[in-house]
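Student: Mind folding the following:
(chains A and B)
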There are 2 protein chains.
Amino acid sequence: MNKLLIVGTVAFDAIETPFGKTDKILGGAATYIGLSASFFNLQSAIVSVVGDDFPQEHLDLLTSKNIDISGIEIVKGGKTFFWSGLYHNDLNSRDTLVTELNVLADFQPKVPQNFKDSDVVMLGNLHPLVQSSVLDQLEKKPKLVVLDTMNFWMDCALPELLDVIKRVDVITINDEEARQLSGEYSLVKAAAKIQDMGPKYVVIKKGEHGALIFHNREVFFAPALPLEDVFDPTGAGDTFAGGFSGFIAQSENISFNNMKNAVIYGSNLASFCVEKFGTERMETLSKAEVAIRLQQFKSLTQFDIEI
Amino acid sequence: MNKLLIVGTVAFDAIETPFGKTDKILGGAATYIGLSASFFNLQSAIVSVVGDDFPQEHLDLLTSKNIDISGIEIVKGGKTFFWSGLYHNDLNSRDTLVTELNVLADFQPKVPQNFKDSDVVMLGNLHPLVQSSVLDQLEKKPKLVVLDTMNFWMDCALPELLDVIKRVDVITINDEEARQLSGEYSLVKAAAKIQDMGPKYVVIKKGEHGALIFHNREVFFAPALPLEDVFDPTGAGDTFAGGFSGFIAQSENISFNNMKNAVIYGSNLASFCVEKFGTERMETLSKAEVAIRLQQFKSLTQFDIEI
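Tutor: Numbers count the residues shown, from 1 in each chain, chains lettered A, B, ... in the order given. The predicted structure is shown next:
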């Protein structure tokens, strides 16, 4: 089985949407990536850090999904990273209410020995120096390195971010971040400029408006599935990244045509994530449900015009 | 050849975008619909009204595209409908600077006798009573009636709008208008409610984010083509409607599968419209360019996942 190495936060989230609010629940980029990638046939491991306030049941959940958690450091007397956000009525914008870095502030990632030869590495949103440190520890060049990041690092750590961007094959960011990083409004121009920074593949996530993947002059688009109700968008981007990197890791095929499939799987899995609060939907999701939804994506997008 | 009857404005537009501004140029919903539908093999006619300030060269342009203009009334001493708009930096929002109804204020549409048996009727955005009056004049039930409208009529003439909506097969509106008309934020729920109002097919236009068509529990999505530069969005929605109705009229097939193709053709033609100011790009567009772009739409959306 191929190996997928995941780095990112494992955290507590408190979420408020127009449909309700949660107490501190399981969250974090690596959590969502790991749960999403667990739908594929692969070996995965998470590199992260939590405090000793982090419940064993959350770690057990990850283990139950066949995720290796030996790279999740538990800091004695430390407190787990906590984020709290409030979504507005359209669910497209949110205010961050609380960010407590806690144990994340001094995080030194340690890649487990048996994942230093991973086939695919998924660098979830974290400080770019942490992302670089993970790449430094690898003993074999991965087939594919995927990086997710956000505007916060463009504002606060741009040189370090540009350094790690140079070292990856695929970058996944949202449309506003692509514009900020490139200084171009047109996403076609933005993707071209970002390719010049290093990544041969640029994935631009547009939330409810789907996702684009650019490679040289080629482009492919995966829509978001139109849903009756979106409950909570938290983690949708990470779930997309987990579906993308998990599918690539399973299939061992890094052609652009196969990346199209990976983007579809990313959208597929993300469409479930938003149906309930937090990780709830992903915890109970079955492979059969994912297969049925793949048929819905086909009906949604496939046409047959004879010219 | 099948007949397509088009009703809508033929007008003067003055447009300002971040890329420049125009004097009074050729515009109007029926103009864009007619130019777009002229790429298909069919007989088309426009029902509209202009003043005697309207240049013969604009009428000659329509005639050169094989559009029957005998239903365009020229009012002696009257002034042509004039609209002026200013687009903001993102081109997604605009301010209307001037709306002079002029001859449109007393417009009584007259359907040419040889188009009273049209196969497809495209009711472009106009007062719903004008749209109804066109349907009243038909002597044979068309295979398909398509209606485009806008929020203005929902605000000012809702009962009349609901009356004409009852009588059509397909409605095309944008996402915000679908929400306003239905009172539902979710586009899936909005489309279901609008189907209950009459139209069996609901097309929701999302501008740069593509278009959805809903029918019963089915849904299909056509993306907008990602472009390096968008110059002027004026007329894109009408060009989409012209491509949709023109393709259906040519193909004589009103199955949902063929409507998927029609939505792709609508997006295809609209992607050209926005490349230059006003109707400029549509005037010189060739069938070969449309065929090449269809291949781009296929690359953009078609995938082949084996399960």
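Student: can you give me the helices in the stretch 151-300 of chain A?
Tutor: Per DSSP state H, counting those that start in this stretch, the stretch 151-300 of chain A has helices spanning A:151-156, A:158-165, A:175-182, A:187-196, A:236-251, A:256-273, A:280-284, A:287-301. These are given in chain order.
Student: quick check, the third one touching chain B?
Tutor: Pointing back at helix A:175-182 there. No - applying C-beta under 8 Å from any C-beta of the partner chain, one finds helix A:175-182 out of contact with chain B, separated by at least 10.0 Å. For every residue, glycine as well, the C-beta is placed using N, CA and C.
Student: Could you say which one of the helices of the stretch 151-300 of chain A comes nearest to B:Leu59?
Tutor: With C-beta to C-beta as the measure, helix A:187-196 is the member of these nearest B:Leu59 (37.0 Å).
Student: The residue lying closest to A:Asp232 once chain neighbours are set aside: neighbour count?
Tutor: Distances taken as C-beta to C-beta, 6 or more residues apart in numbering or on different chains place A:Phe277 nearest to A:Asp232, at 4.7 Å, with adjacent residues excluded. When neighbours are defined as other C-beta atoms under 10 Å in any protein chain shown, A:Phe277 has 19 of them.
Student: where's A:Phe277 relative to A:Pro233, distance?
Tutor: Taking C-beta to C-beta, to the nearest Å as the criterion, A:Phe277 is separated from A:Pro233 by 11 Å.
Student: what's next to stretch A:58-72, contact-wise?
Tutor: A:6, A:10, A:26, A:31, A:34-35, A:38, A:43-50, A:109-112, A:115, A:283 (C-beta atoms under 8 Å, 6 or more residues apart in numbering or on different chains).
Student: wait, does stretch A:188-208 contact chain B?
Tutor: Yes - against chain B, stretch A:188-208 shows contacts by C-beta under 8 Å from any C-beta at A:Val188, A:Lys189, A:Lys206.
Student: Is it correct that the last one is in contact with A:Glu177?
Tutor: Put plainly, it is A:Lys206. No - with contact taken as C-beta atoms under 8 Å, A:Lys206 and A:Glu177 are classed as non-touching, separated by 11.1 Å.
Student: neighbour count winner among those two?
Tutor: A direct count of neighbours by other C-beta under 10 Å for A:Lys206 and A:Glu177 places A:Glu177 higher, at 22 against 19.
Student: residues in contact with the nearest residue to that one once chain neighbours are set aside?
Tutor: Taking C-beta to C-beta, 6+ apart, and ignoring the residues beside it in sequence, A:Glu177 has A:Asn151 as its nearest neighbour in space, at 5.0 Å. Contact analysis of A:Asn151 by C-beta under 8 Å, 6+ apart lists A:Glu176, A:Glu177, A:Gln180.
Student: residue ranges with poor pLDDT in chain A?
Tutor: Under the criterion pLDDT under 70, the flagged ranges of chain A are A:307.
Student: Find the centremost residue of it, please.
Tutor: With distances taken as C-alpha atoms, centre = their mean, the residue of chain A nearest its centroid is A:Asp238 (2.6 Å).
Student: near chain B, which residues of the stretch 51-200 of chain A?
Tutor: Contacts of the stretch 51-200 of chain A with chain B, taken as C-beta under 8 Å from any C-beta, map to A:Asn89, A:Asp90, A:Tyr185, A:Ser186, A:Leu187, A:Val188, A:Lys189.
Student: Of these - the most surrounded one?
Tutor: When neighbours are taken as other C-beta under 10 Å, the top entry among those is A:Leu187 (22 neighbours).
Student: Just give the number of residues close to the residue lying closest to A:Lys206 once chain neighbours are set aside.
Tutor: Leaving out its chain neighbours, the residue that sits closest to A:Lys206 by C-beta to C-beta, 6+ apart is A:Asp175, at 5.1 Å. Applying other C-beta under 10 Å, we find 17 residues neighbouring A:Asp175.
Student: Thank you kindly, that will do.
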